[in-house]
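# quick one, fold the following:
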Amino acid sequence: MDLKPNHNSPVLADSVPVNKSRLGLSSNLVPYSASATGYSSGMYLTIPRRKPSKLDDVRASGWLDAMQSSSPPRKKLNKDFSFDSELDEAESAYRNWVMKYPSAFTSFEQITTYAKGKKIALFLDYDGTLSPIVDNPDRAFMSSAMRTAVRNVAKHFPTAIISGRCRDKVCEFVGLAELHYAGSHGMDIMGPVRESEFDSDNPNSIRSTDKQGKEVILFQPASEFLPMIDEVFRSLVVSTNDIKGAKVENNKFCVSVHYRLVDEEFWPTIAEIVHDILKGYPKLKLTHGRKVLEIRPVIDWNKGKAVEFLLESLGLNNRDDVLPIYVGDDKTDEDAFKVLREGNRGYGILVSSIPKETNALYSLKDPSEVKEFLKSLVKWKKTAAI
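Model (predicted):
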């Protein structure tokens, strides 16, 4: 939609005499007419059009709608400890949704039956999957029980974390050397070294060593954008400094603007600031997460591509005896779900307590169910080995 003012558009004609009773003006403010019968037919009343504001641009782009729907408010009990009708409807909608996307926990036998004779490769998101969604993103710690479950599952299956977080940050949160890590929505991957054309001929792949001294491959397809990302990060920090609760996070190859702690009346201001800054960077794009705006390079790379890269690095790509499983909770995980769904390559599991359209095949309600699912995988593997 073109929101620019068009000063050449037809004006509003008024053939009825304009007088003080119609305009509510005193007689000395009404233009003089010699005949005292009104204006001639050739005269018009022009109503100026308001120049569109930045907020108009933001509304037209659908940003505000996406921000408001990114994390629906929690329903509360009434004073008499009964749930309101909206909650009843929500629960009913969720039950119907689970019929379409059945619980991976209750469907566990079906999943493992298909997995017999196959090698499972496990891919996990972090925030909202291994850790709860919290108000302060710097406090998104996984529980010790979850860390144990992830450590145990990594002993039996190749396991990788693919997060929107900076890779170093998610490594620090998880604290397990047994895993492979991909940060910045898959734009910063640390994977195993494997002599293949995919690794050696790609200018974005470099050999490195991890903290344990083990040789690894670093794959960073958006490395040329680093100066631009840093510049945008600094601009956003300054521009949002006066907005209480706003937090700008530099995730190396993307910038996250968190507004979970921002009063909703200031969400349009956040959107305007991001919109205004992004206009100067056509090579960057905006995506929406759970109460977070994320600015990323415009490149053909996402979490789905990261899954394919890691499968290739692990020597597991395009094999009939491999079953990839990806567990995630956000919109950015949909790219991975889609990759696995196409050609029945594997299973996507969406972590959500509310109905969402998804490319996943199964669902889990929250991180506690993810933990139980991981523990069940380990138990199944041990039993199958006996």
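
# from here on, just use CA atoms for contacts and neighbour counts.
Noted.

# which stretches of the stretch 51-200 of the chain have low pLDDT?
51-87, 194-200 (pLDDT under 70).

# 90 instead, please
51-92, 134-138, 191-200 (pLDDT under 90).

# please name the bridge partners of the residue nearest the centre of the chain.
Nearest to the geometric centre of the chain sits G289, at 2.9 Å (C-alpha atoms, centre = their mean). Beta-bridge partners of G289, counted by DSSP bridges, are V292.

# look up how far V274 lies from it.
14 Å (C-alpha to C-alpha, to the nearest Å).

# same question, N317
Per C-alpha to C-alpha, N317 is found 38 Å from V274.

# of those two, give the one with the bigger neighbour count.
The residue with more neighbours, out of N317 and V274, is V274; 22 against 18, by other C-alpha atoms under 10 Å.

# give me the domain ranges for this protein.
87-191+301-385, 225-297 (the TED database).

# for K214, find the nearest of the ones you listed.
Nearest of the domains of the chain to K214, taken as C-alpha to C-alpha: domain 87-191+301-385 at 10.3 Å.

# where along the stretch 201-350 of the chain do the strands fall?
205-209, 215-219, 247-250, 255-258, 284-289, 292-297, 322-328, 347-351 (DSSP state E, counting those that start in this stretch).

# state the number of residues packed around the closest residue to S352 other than its chain neighbours.
Using C-alpha to C-alpha, 6 or more residues apart in numbering and skipping residues adjacent in sequence, the residue nearest S352 is K365, 4.9 Å away. For K365, the count of nearby residues is 18 (other C-alpha under 10 Å).

# next one, pLDDT for K365 please.
Per-residue pLDDT puts K365 at 96.

# wait, doesn't L122 sit right on K155?
No: counting by C-alpha atoms under 8 Å, L122 does not reach K155; the two are 11.4 Å apart.

# between these two, who's got more neighbours?
Just comparing L122 and K155: by other C-alpha under 10 Å the higher neighbour count belongs to L122, 20 against 12.

# contacting residues for the more buried one?
Listed by C-alpha atoms under 8 Å, 6 or more residues apart in numbering, the contact set of L122 reads 157-160, 324-326.

# looking at these, which has the most residues close by?
Ranked by the number of neighbours (other C-alpha under 10 Å), the contacts of L122 place Y326 first, at 27 neighbours.

# any idea what that residue is bridged to?
Applying DSSP bridges to Y326 gives these bridge partners: F123, G348.

# that one touches V339, doesn't it?
No: in this structure, Y326 is not within contact of V339 by C-alpha under 8 Å, at 10.1 Å.

# where's D135 relative to D333, distance?
21 Å.

# ok, S103 next?
Counting by C-alpha to C-alpha, the gap from S103 to D333 is 17 Å.

# so those two - more neighbours on which side?
Higher neighbour count among S103 and D333: D333, with 27 against 19, using other C-alpha under 10 Å.

# what about the residue lying closest to that one once chain neighbours are set aside, distance to I133?
Once flanking residues are discounted, D333 sits nearest to K303: 6.4 Å by C-alpha to C-alpha, 6+ apart. According to C-alpha to C-alpha, K303 stands 20 Å off from I133.

# looking at these two, which one has more neighbours?
The neighbour comparison of K303 against I133 (other C-alpha under 10 Å) goes to K303, with 25 against 17.

# per-residue pLDDT, that one?
The model reports K303 with a pLDDT of 97.

# which ones are touching it?
Counting by C-alpha under 8 Å, 6+ apart, K303 touches 162, 185-186, 332-333, 335-336.

# name the nearest of these relative to V307.
A336 (6.7 Å).

# N344 versus the closest one, what's the distance?
13 Å.

# higher neighbour count, these two?
Neighbour count, other C-alpha under 10 Å: between A336 and N344, A336 has more, with 27 against 10.

# that one is in contact with K305, isn't it?
Yes: A336 is within contact range of K305, at 7.4 Å (criterion: C-alpha under 8 Å).

# quick one on the thing from earlier: list the ones among the contacts of K303 that fall in helices.
Counting by DSSP state H, the contacts of K303 place 335-336 in helices.

# got a markdown table for the contacts of K303, with distance to T383 too?
Formatted as a markdown table, these follow (distance: C-alpha to C-alpha, whole Å):
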| residue | distance to T383 |
| --- | --- |
| I162 | 28 |
| H185 | 35 |
| G186 | 34 |
| T332 | 34 |
| D333 | 31 |
| D335 | 33 |
| A336 | 29 |
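
# one step back: TSV for the strands of the stretch 201-350 of the chain, including distance to V174 and mean pLDDT?
As requested, the strands of the stretch 201-350 of the chain are exported to TSV (distance: least, C-alpha to C-alpha, whole Å; pLDDT from 0 to 100):
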stretch	distance to V174	mean pLDDT
strand 205-209	19	79
strand 215-219	18	85
strand 247-250	18	96
strand 255-258	20	96
strand 284-289	21	91
strand 292-297	21	94
strand 322-328	16	97
strand 347-351	19	98
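
# go through those strands and name the closest to D88.
Short answer: strand 347-351, nearest of those by C-alpha to C-alpha, at 20.8 Å.

# pull that closest one out as CSV, backbone CA atoms only.
Only the C-alpha atoms of strand 347-351 are listed here, as CSV (Å, rounded to 0.1, in the frame of the first residue of the first chain):
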residue,chain,number,x,y,z
TYR,A,347,10.4,-35.3,13.0
GLY,A,348,9.8,-31.7,14.1
ILE,A,349,8.5,-31.2,17.6
LEU,A,350,7.0,-27.9,18.5
VAL,A,351,7.1,-26.8,22.2
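
# ok, residues contacting that strand?
Applying C-alpha under 8 Å, 6+ apart, the contact partners of strand 347-351 are 104, 128-129, 323-330, 336-338, 340-341, 358-367, 370.

# ok, 6 Å please
325-329, 337, 360-366 (C-alpha atoms under 6 Å, 6 or more residues apart in numbering).

# check stretch 206-222 too.
With C-alpha under 6 Å, 6+ apart, stretch 206-222 has contacts from 187-193, 204-205.

# among the residues you listed, which ones are in helices?
Under the assignment DSSP H, the contacts of stretch 206-222 contribute nothing to helices.
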